[in-house]
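1. the sequence and its predicted three-dimensional model are supplied below.
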Amino acid sequence: MAVITVAQPKGGPGKSTIALLLGLTFSADCKVVLLDADPNQPLMTWAEGTDIGSNLQVVEVQNKRDISAVIQQAAAQAEMVIVDTEGIADLRILTAINVSDLVVIPCQGSILDQQSAVDLIQAIRNQKHEPPHAVVMNRTSAAIRPKDLTTTIDQFKAYGIAVLETEVMERSAFRSLFSFGTTFSGLSKEGVTGVDRAIENAKALAHEVRSILQCQR
Ligand SMILES: Nc1ncnc2c1ncn2[C@@H]1O[C@H](COP(=O)(O)OP(=O)(O)OP(=O)(O)O)[C@@H](O)[C@H]1O
Ligand SMILES: [Mg+2]
């Protein structure tokens, strides 16, 4: 059993997208609970009316004060618990972070994303038992490597912050999961293109996350 929290105090770097990609990919071979701890309920809304399969469950965290109890309950039913959090600086999130086996911090290649990631990482590093954490670069392009992306990655590394090898690419298929309220298999029926490459990217991310979790054991 492993708990992964996806966190970044800044709005919009891709927390819900990455939580969903991990949830969908891991649920191909194990039981997963996705905890929606964002009052805007992006994952609860996504799951409404969607055939998400028997291995995946999306559960709302009604009160963030209860988050560790909700995580414990979920952990009793699933091999993987993934927590999607709100894009605000909220210290209650540390309760989830402190019971996590890995904190995944999505970041786009910009100084604003970088600064808020570093703020969160400083808070994580101030915890008694520093929970394992890593940044994942999101919305990157294979064709273009803007200077602010490479600078952001270099600066994380200079601060001794782990950055996942796998980047999540900018892909309309990832947006479409939410737009059409569907899983990867439903995307092709909607005529969305690039689904195979999107699945491959999500699998590479899940594979790297799983190997980090295994290394910790
Ligand atoms: N890799 C990607 N490719 C294409 N679109 C993406 C990608 N990642 C995120 N997006 C889009 O960017 C927007 C913000 O993403 P998302 O909602 O996942 O961010 P968030 O960090 O959860 O935001 P919030 O802080 O509001 O919770 C959404 O429209 C989403 O579809
Ligand atoms: Mg979100």
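-> The structure has been received and is ready for your questions. Ligands and ions are numbered 1, 2, ... in the order given.
2. figure out the helix or strand that the closest residue to residue 84 other than its chain neighbours lives in.
-> In this structure, residue 84 finds its nearest non-sequential neighbour in residue 19, 3.8 Å apart by Cβ to Cβ, 6 or more residues apart in numbering. The way it works is simple: take the backbone N, C-alpha and C, and place the C-beta from them, glycine included. Per DSSP states H and E: residue 19 is located in helix 15-26.
3. contact partners for the residue nearest to residue 84?
-> Applying Cβ atoms under 8 Å, 6 or more residues apart in numbering to residue 19 gives the contacts 6, 34, 43, 82-84.
4. what do you get for residue 127?
-> 94, 97-98.
5. state which strand of the chain is the longest.
-> Determined from DSSP state E, the single longest strand within the chain is strand 133-140.
6. and the contacts of stretch 64-74?
-> With Cβ under 8 Å, 6+ apart as the test, stretch 64-74 has contacts from 3, 33, 35, 37, 59, 61, 81, 83, 90, 92-93, 95-96, 98-99.
7. which parts of that stretch count as buried, going by neighbours?
-> The neighbour-count check on stretch 64-74 (16 or more other Cβ atoms under 10 Å) flags 64, 67, 70-71, 74 as buried.
8. what does stretch 6-16 give?
-> Neighbour-count burial for stretch 6-16, counted by 16+ other Cβ under 10 Å, picks out 6-10, 13-16.
9. other residues contacting stretch 90-100?
-> Stretch 90-100 has contacts (Cβ under 8 Å, 6+ apart) with 3-5, 7, 9, 37, 64-65, 67-68, 71-72, 83, 85-86, 103, 123-124, 127, 129, 131-133.
10. show me how far it is from its chain's centre.
-> How far stretch 90-100 lies from its chain's middle: 15 Å, per Cα atoms, centre = their mean, to the nearest Å.
11. where does pLDDT dip in this protein?
-> Confidence mapping of the chain against pLDDT under 70 gives the ranges 217.
12. other SSEs contacting the longest helix seen in it?
-> If you go by DSSP state H, the chain has its longest helix at helix 195-215. Helices and strands touching helix 195-215, by 3 or more Cβ pairs under 8 Å, 6 or more residues apart in numbering; DSSP states H and E, are strand 2-6, helix 15-26, strand 102-107, strand 168-169, helix 172-179, helix 184-189.
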